[in-house]
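> predicted model follows, preceded by the sequence.
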Amino acid sequence: MNGARALRLEPGVNAASGSIQLWAFPLGADGQADATRKPVVLTGIDLGELRIGPIKPNKDKGACCEIFEGELLSRDPTKREALINRQYADLQQLGVGSPLRLWKHDFTVAGKIDPGKLARIAGAEVFISLPQAQELFGKGEVVDTIYLKLKPEADPKELERRIKGLLGDDTIITTSSHLLAQAAGFEVLQQSLIQAFGLIVLIMVLLLVAKAAASSVHERTREIGILKAVGWKDSEV
């Protein structure tokens, strides 16, 4: 979390939060992680700063909220609680209060969330508190994603330069303008695919009509020959 703490002190930063995403592999017969089995994708979230980040607290269970059943994670460090997404809950037949084993630790399902409303950058099957995720990882207070909320007067370009100077040039920075551009690009691609699909359908329909007409003519060749033999004109045929 040192990076998030340092960025909170940067001019123009209103709030900063971090998260870490891990794979929790099931344990094998030897008590070690079995990498041959499907892991659980989990994300550790910062409960101390919920204004930004992948999970928002409930506001009277309104449409703005991701949690549709149960409650947000407890801030009590002695409680091991988890939020699970709808698909994972249905697949594993888990509900609020169900036990959940993550690697060598037992958790309790505190609530269910709708993954369709989450930030794609932090999509996961299970969400736990950041300190508990860092404990599972065993590398100290580290995060792999930092969320920033800027002040209105902040200069994003200058702040981006300062962030790379603090965290390194290999840091990947995604802004709201980048997300909007990606969304617009996806919409254009979607429209192009729809137009291409429509064109393919039209061509197939035309081919089917042409095939039906040709088949009809072919099937009646003998009748047409008889009509022409008895003196019918082409226009009459």
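That came in fine, so what should we check first? Numbers count the residues shown, from 1 in each chain.
> what's the span of stretch 86-99, first residue to last?
By CA to CA, to the nearest Å, the extent of stretch 86-99 from end to end equals 16 Å.
> and what of stretch 214-231?
24 Å.
> and K56, how far is that from L50?
Distance from K56 to L50, counting by CB to CB, to the nearest Å: 6 Å. Bear in mind the C-beta positions are built from the backbone N, C-alpha and C, glycine included.
> how many neighbours does A24 have?
Using other CB atoms under 10 Å, A24 is surrounded by 21 other residues.
> in which helix or strand does L136 reside?
Here L136, judged by DSSP states H and E, is contained in helix 130-137.
> could you give me the average pLDDT of that helix?
Average pLDDT, helix 130-137: 93.
> and stretch 86-95, by the same measure?
92.
> ok so, going back, looking at K56 and L50, which is more packed in?
When K56 and L50 are compared for neighbours, K56 comes out ahead with 17 against 14, by other CB under 10 Å.
> and that one, which helix or strand is it part of?
Assigned by DSSP H and E, K56 falls within no helix or strand.
> picking that back up, could you point out which element follows the helix holding L136?
strand 145-150.
> quick check: the gap between A210 and G198.
19 Å.
> what does E49 give?
Applying CB to CB to E49 and G198 gives a distance of 47 Å.
> neighbour count: the two, which is higher?
With neighbours defined as other CB under 10 Å, E49 and G198 compare such that E49 has more, 17 against 10.
> show me what contacts the more buried one?
Shown in contact with E49 (CB atoms under 8 Å, 6 or more residues apart in numbering): A15, A16, S17.
> quick one: low-confidence parts of this protein?
Along the chain, the model assigns pLDDT under 70 to residues 1-3, 57-65, 115-123, 175-190, 237.
> strands of that one, residue ranges please.
Ranges of strands in the chain, per DSSP state E, are 13-24, 40-45, 67-70, 81-85, 99-102, 105-113, 126-129, 145-150.
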